[in-house]
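S.K.: quick one, fold the following:
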Amino acid sequence: MQPQQYSAYLFTGLTILFWGGAASAFKLALAWITPFTLLAYSCLISFLFLFALLAVQGKLGAIARLPAKEMRHALLLGLLNPFLYYIVLFKAYSLLPGQIAMSLNYGWPLVLTLLSVPILGQHLSRSQLAAVTVSFFGAIIIATKGELTSFGGLNGLGLILAAASTLIWAVFWLVNARSNQDPVAQLFLGFGAALVCIILAVPLFGGMERPPLQATLPLIYVGLFEMGLTFVLWLSALKRAKSAASIGNLIYCTPFLSLIFLRLIVGEAIHSATFIGLVLIVASLLFQEWQRAKRAA
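M.R.: Here you go, the predicted structure:
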């Protein structure tokens, strides 16, 4: 194996490991602090990490020289993600078992496929429609704990917020896909915009609480290994891989690793319906990837 490809697999493995632990970190932190506090401190940690990284790379000057239009675009994207996306996601995690919020959140490619019809003017093929149907059925199984006719005792607002997080992320992805900016620089600007929004929103959320010691480690984990460092690792993996397809499908191991961590670290009993629904969602996503690769060949 070539060194470049080996490092691509190494960075992909670290990405899967770190993102796999994110759901557990969310639940551990939210046991002590509010979703807004988690958003504020984790965004600050990620912003400082990205600032240091760009400073080491000598790219801070290039950011200052960005055209005003590109600067505004990056800052506006920051309102969507991380500010709006994570406040909705963290609130969903505070209301739902981690396994439910995490599994539903991984349905965002399903929403992306549906949004591509009205936004990009694309048409769904029969195979895409079948994949969407399977994903939707998987999400229903998860949201109802397999009962199908009720919410299985789950918080209705939490389910709505988990679904909303997939919508926000899909919209962000569609808007961001057309950007030619350096992704790390754009992420840095986005977190800067989010911090401004957080400061302005403090009165709306009843002030800012000081996290207790018990929340420190999971909060740092979220700031570094969900938002900052792991994104850079994933970009590095894609840059070093012979093809995105060679590592892209491996990322779908992440939600299953998340279930293991939620069981071992948080102590959640994993419901069989969660596993079945997640298998259906991931299988439909892999099928769509296979169909896309087949058309491109």
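
S.K.: low-confidence ranges, the chain, go.
M.R.: Where the chain drops to pLDDT under 70, the residues are 1-3, 120, 148-152, 177-179, 243-246, 248, 292-293, 295-297.

S.K.: show me where it has strands.
M.R.: Counting by DSSP state E, the chain has no strands at all.

S.K.: what is the neighbour count of residue 291?
M.R.: For residue 291, the count of nearby residues is 15 (other Cβ atoms under 10 Å). In this view, the C-beta of every residue, glycine as well, is placed from N, C-alpha and C.

S.K.: quick one: contacts for it?
M.R.: The contact partners of residue 291, by Cβ atoms under 8 Å, 6 or more residues apart in numbering, come to 125, 127, 128, 131.

S.K.: could you do residue 145 as well?
M.R.: Residue 145 sits in contact with 152, 153, 154, 271, 273, 274, where contact means Cβ under 8 Å, 6+ apart.

S.K.: the last one and residue 259 touch, don't they?
M.R.: This means residue 274. Yes - with contacts counted by Cβ atoms under 8 Å, residue 274 reaches residue 259, the gap being 7.2 Å.

S.K.: who has more neighbours, these two?
M.R.: residue 274 (26 against 22).

S.K.: any idea how far that one lies from residue 265?
M.R.: 16 Å (Cβ to Cβ, to the nearest Å).

S.K.: and for residue 274 and residue 259, which residues touch both?
M.R.: Counting by Cβ under 8 Å, 6+ apart, the residues touching both residue 274 and residue 259 are residue 99.

S.K.: among the contacts of residue 145, which are in helices?
M.R.: 273, 274 (DSSP state H).

S.K.: which of the contacts of residue 145 has the largest number of neighbours?
M.R.: Top of these by neighbour count (other Cβ under 10 Å): residue 274, with 26 neighbours.

S.K.: for it, what are its contacts?
M.R.: 99, 100, 103, 142, 145, 259.

S.K.: swap in residue 27?
M.R.: 93, 98, 262, 266, 268.

S.K.: follow-up on the earlier one: of all pairs in the contacts of residue 274, which one is the farthest apart?
M.R.: 145 and 259 (14.5 Å; Cβ to Cβ).

S.K.: mind listing what residue 168 touches?
M.R.: 80, 81, 84, 85, 88.

S.K.: just give the nearest non-adjacent residue to the third one, would you?
M.R.: Read that as residue 84. residue 168 (5.8 Å; Cβ to Cβ, 6 or more residues apart in numbering).

S.K.: distance check, the one you found against residue 61.
M.R.: Counting by Cβ to Cβ, the gap from residue 168 to residue 61 is 32 Å.

S.K.: and for residue 288?
M.R.: 41 Å.

S.K.: can you check residue 270 too?
M.R.: 49 Å.

S.K.: more neighbours: which of the two?
M.R.: residue 270 (15 against 9).

S.K.: check contacts around that one.
M.R.: So residue 270 contacts 99, 259, 262, 263 (Cβ under 8 Å, 6+ apart).

S.K.: ok, now residue 287?
M.R.: 127, 131, 134.

S.K.: neighbour count and distance to residue 53 added to those residues, as JSON lines?
M.R.: Output for the contacts of residue 287, formatted as JSON lines (neighbours: other Cβ atoms under 10 Å; distance: Cβ to Cβ, whole Å):
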{"residue": "127", "neighbour count": "15", "distance to residue 53": "40"}
{"residue": "131", "neighbour count": "25", "distance to residue 53": "37"}
{"residue": "134", "neighbour count": "18", "distance to residue 53": "39"}
